[in-house]
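In: Here is my input; please provide its structure:
(chains A, B, C and D)
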Protein chains: 2
Amino acid sequence: MKMAELGRRSGIPVATIKFYLREGLLPAGEYRLPNQATYTDEHLRRLTMIRALLEVGGLSIAAAKRVLHAIDSDMPLAETFEVAQQAISETPDPSTLNPAALAIVDDITRGWHMFPENPGRLAAARAIDTFWSIGQEDTHGWFAQYAKAAMFAAEADIDELQARTGRDAQAETVIVGTLLGDALFAALHRAAQEHVTSLRFTTDHNHHEV
Amino acid sequence: MKMAELGRRSGIPVATIKFYLREGLLPAGEYRLPNQATYTDEHLRRLTMIRALLEVGGLSIAAAKRVLHAIDSDMPLAETFEVAQQAISETPDPSTLNPAALAIVDDITRGWHMFPENPGRLAAARAIDTFWSIGQEDTHGWFAQYAKAAMFAAEADIDELQARTGRDAQAETVIVGTLLGDALFAALHRAAQEHVTSLRFTTDHNHHEV
DNA sequence: GCTATCGGACAGTAAAAGTATCCATAAATA
DNA sequence: TATTTATGGATACTTTTACTGTCCGATAGC
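Out: Numbering: from 1, shown residues only, chains lettered A, B, ... in the order given. Below you'll find the model as predicted:
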């Protein structure tokens, strides 16, 4: 298919597709002549993925590009994981982190196998420091529960990953699981908050407390 | 204190503070004369909160404004919750959602008490639909685990909320818990992924598998 | 042969988040 | 008290990001 059809089928304006092409998000079509290219269903699929990364994952064009290149390359899965992680949010500079916050992170993740420079570890410390800076205290138990929740999700991720075969399918699952997984969690988290709130705070007389 | 000191103590450029003032994020100082205002530690605290919402929470100026106004107002907590939820990400239009995705959400949240228009429910359906659209399938178990993780976090949130007294402290905890909570989860999630990956995929011969 | 379409280059636009400059007062200080 | 410095407000400018539009010479298809 050619540009116009690619645009029509994906629902993305041709000018925008050309832009993604320029930015290196979408690989070029195959040229029969210097100015006539044909695009395949692979391109269509790629466009869907691009929109997912940008809209649901909230990535910038530059971050999406890094992530897509990580999928395309043949780097080992562990590295793909790292690219995905770094695309989500920049890793804070360890030297600017509050050591007390880092200590809490290390405490609630006791027994976890990870490198000290793990981006998640550092970002968690930054989040905790921010909690404190706006006056939330005595939050140790709260954070520990979050660590448990995170472990739950991570185990599900890896179960899912092991259900796939082939490096490419796995790499894609890594990216999608990391990026859309956070979005899904956030959404379910909000739903769960409403549920728990209604259980504990309801004044509705028709409502039976648990 | 005056502008210059507020800037120095907060580490935020004066021009930027004036901008926040204009945008209604930061309340005006108290005026002794038409062009001499004094600012208090409350303003300093507020600036910290603004930066937390913008940088760690990833909110836009407009969203941060809505959230801060929700804290300032005396609206009931349930409504404050809703403002916080809507600030994080816009609620998808239900009519554009894939009914099958909604059905999955309703299945994995079976027994949860929530309104059909809950923003989390709709956003979760959108995330799931996106998963599918890029070819991830057989993901029911994966999603169900995420629902469990979300419930864990939500329970911790409410425990923490109930530990606070006074509507203002609770409102702030609601906002902070919802926004920074997602950031904290995402960070811990990444840390947990490294842990679980190293457990299951390691080729390190010194490493004992579980 | 003629018109419609193609891909590429490049310029333009819109929104978001600041940043800089002016200026008429006030404050501080010499 | 005279003079320098600082203040708050208005307004204009800048930068980044993510597109969008216009033009053009080269095909495609009738």
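
In: buried ones in stretch A:142-151?
Out: Neighbour-count burial for stretch A:142-151, with 16 or more other C-beta atoms under 10 Å in any protein chain shown as criterion, is recorded at A:142, A:143, A:144, A:145, A:146, A:147, A:149, A:150, A:151. To be clear about C-beta, it is placed using only N, CA and C from the backbone, and glycine gets the same treatment.

In: In chain A, which residue is most central in space?
Out: By C-alpha atoms, centre = their mean, chain A has its centre lying nearest to residue A:179, at 1.6 Å.

In: what helix or strand does it sit in?
Out: Element membership of residue A:179, judged by DSSP states H and E, is helix A:167-201.

In: for residue A:103, helix, strand, or coil?
Out: Three-state assignment for residue A:103 (DSSP: H, G, I helix; E, B strand; the rest coil): helix.

In: number of nearby residues for it?
Out: Residues lying near residue A:103 (other C-beta atoms under 10 Å in any protein chain shown) number 12.

In: State the distance from it to residue B:189.
Out: Distance, residue A:103 to residue B:189, using C-beta to C-beta, to the nearest Å: 20 Å.

In: Ok, residue A:152 next?
Out: From residue A:152 across to residue B:189, the span is 10 Å (C-beta to C-beta).

In: quick one on the thing from earlier: my read: the residue nearest to the centre of chain A touches residue A:57, true?
Out: Yes: Residue A:179 is in contact with residue A:57 according to C-beta atoms under 8 Å; the separation is 3.9 Å.

In: Need the overlap of contacts for those two.
Out: residue A:88 (C-beta atoms under 8 Å, 6 or more residues apart in numbering or on different chains).

In: which residue ranges form the helices in chain A?
Out: Using DSSP state H, the helices of chain A run over A:3-10, A:14-23, A:41-51, A:61-72, A:77-88, A:99-108, A:119-133, A:140-162, A:167-201.

In: can I get the ones you listed in JSON lines with distance to residue B:5?
Out: Shown next, in JSON lines, are those (distance: least, C-beta to C-beta, whole Å):
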{"stretch": "helix A:3-10", "distance to residue B:5": "54"}
{"stretch": "helix A:14-23", "distance to residue B:5": "44"}
{"stretch": "helix A:41-51", "distance to residue B:5": "47"}
{"stretch": "helix A:61-72", "distance to residue B:5": "38"}
{"stretch": "helix A:77-88", "distance to residue B:5": "37"}
{"stretch": "helix A:99-108", "distance to residue B:5": "27"}
{"stretch": "helix A:119-133", "distance to residue B:5": "19"}
{"stretch": "helix A:140-162", "distance to residue B:5": "34"}
{"stretch": "helix A:167-201", "distance to residue B:5": "38"}
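
In: where among the ones you listed is the average confidence lowest?
Out: Ranked by mean pLDDT, the helices of chain A end with helix A:77-88 in last place, scoring a mean of 86.

In: who touches it?
Out: By C-beta under 8 Å, 6+ apart, the residues outside helix A:77-88 that reach it are A:57, A:59, A:63-64, A:66-67, A:70-71, A:75, A:119-120, A:167, A:170-171, A:174-175, A:178-179, A:182, B:186, B:190, B:193-194, B:197, B:201.

In: at 7 Å instead, please
Out: Residues outside helix A:77-88 that contact it (C-beta atoms under 7 Å, 6 or more residues apart in numbering or on different chains) are A:59, A:63, A:66-67, A:70, A:119-120, A:170-171, A:174-175, A:178-179, A:182, B:186, B:190, B:193, B:197.

In: now do stretch A:39-55
Out: Residues from elsewhere that reach stretch A:39-55, judged by C-beta under 7 Å, 6+ apart: A:1-2, A:6, A:9-10, A:12, A:20, A:25-26, A:29, A:59, A:64, A:67, A:179-180, B:130, B:133-134.

In: Is DNA strand D within reach of it?
Out: Yes: shown here: stretch A:39-55 in contact with DNA strand D (C-beta under 7 Å from any atom of the strand) through residue A:54.

In: Now that stretch: buried residues?
Out: Buried residues in stretch A:39-55, counted by 16+ other C-beta under 10 Å: A:39, A:43, A:44, A:46, A:47, A:48, A:49, A:50, A:51, A:52, A:53, A:54.

In: count of neighbours near the closest residue to DNA strand C within chain A?
Out: Nearest residue of chain A to DNA strand C (C-beta to the nearest atom of the strand) works out as residue A:3 at 2.3 Å. Residues near residue A:3, counting by other C-beta under 10 Å, number 16.

In: rewinding a little: residue A:58 is in contact with the residue nearest to the centre of chain A, correct?
Out: No: counting by C-beta atoms under 7 Å, residue A:179 stays clear of residue A:58, with 8.4 Å between them.

In: could you list every residue that touches residue A:67?
Out: A:53, A:59, A:83, A:84, A:87, A:175.
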